[in-house]
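Chemist: Quick one, what's the 3D model for this:
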Amino acid sequence: MNSGRLIAVKRDVDAVLVPLGTPIVIPAGSQVRITQELGGSYTVAVGGNLARIEGKDADALGLDEQEPGASGAAGSQQAPDGEVDMNEVWRVLKTCFDPEIPVNIVDLGLVYDVHVVATDDGGNEVDVVMTLTAPGCGMGPFIVEDVRRKLLELPNVTEVHVELVFDPPWDRSRMTDEAKLQLGMF
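Modeler: Presented below is the predicted three-dimensional model:
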């Protein structure tokens, strides 16, 4: 774990400002502090702001690139008859994080519903209904893409559809007790 350590960026690296979602480039030589490294991405403090850096750009932080399947899908076994293992779906969803909050989106209560539907071509579509902690969160598209990309790594998943909803609105009562404890809300 490299959190809290001051690091000089080794090369120019693409990032996204948190929580605005604005793309930026952090120039080589910039000093950053890793504040969170969960779910295959890094949140760094840079110039008084937070920014998210994808795991594929770990080398810019002087870290090893995460191995393929680092989201947790590697090692998953092919389900019989081309089915999707719902336990694996939920396990993978727990590898998705809001870059500002060190709790996964499932324990935060952001995932409202998940269904697997067989497609006409013999594959499976995973449909996820989820929300964000705040409707105006600029990181929403990045969290949605993280969910989509990771679920597509699962055996027998050929399509993923993520619907972002704000009714019912999210509130803290949707969090698991473990999440509340981790965030000091007890």
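
Chemist: Strand partners (parallel or antiparallel) of the helix or strand hosting Leu50?
Modeler: When elements are assigned from DSSP states H and E, Leu50 belongs to strand 49-54. Strand pairing for strand 49-54, using DSSP bridges, gives strand 13-18 (antiparallel), strand 41-46 (antiparallel).

Chemist: pLDDT on the last one, on average?
Modeler: Just to be clear, that refers to strand 41-46. Strand 41-46 shows a mean pLDDT of 95.

Chemist: So what touches it?
Modeler: 7, 15, 18, 26, 30-37, 50-55, 58, 61, 97, 99-100, 146 (C-beta atoms under 8 Å, 6 or more residues apart in numbering). Where you see a C-beta, it was placed from the backbone N, CA and C, and this is true even at glycine.

Chemist: Run the chain-centre distance for it.
Modeler: 13 Å (C-alpha atoms, centre = their mean, to the nearest Å).

Chemist: same deal with the first one?
Modeler: Relative to the centre of its chain, strand 13-18 is centred 14 Å away, using C-alpha atoms, centre = their mean.

Chemist: need the strands for this protein, in chain order.
Modeler: Per DSSP state E, the chain carries strands over the ranges 6-8, 13-18, 23-26, 31-38, 41-46, 49-54, 111-118, 124-130, 159-164.

Chemist: Looking at these, which one is packed in the most?
Modeler: Comparing the strands of the chain by mean neighbour count (mean count of other C-beta atoms under 10 Å), strand 41-46 ranks first with a mean of 22.

Chemist: Can I get that strand in PDB, CA atoms only?
Modeler: Extracted in PDB, the C-alpha atoms of strand 41-46 (Å, rounded to 0.1, in the frame of the first residue of the first chain):
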ATOM      1  CA  SER A  41      -7.300   3.000  -9.700                       C
ATOM      2  CA  TYR A  42      -5.500   5.700  -7.700                       C
ATOM      3  CA  THR A  43      -6.800   8.900  -6.100                       C
ATOM      4  CA  VAL A  44      -4.100  11.400  -5.700                       C
ATOM      5  CA  ALA A  45      -3.800  14.800  -4.000                       C
ATOM      6  CA  VAL A  46      -2.200  17.200  -6.500                       C
END
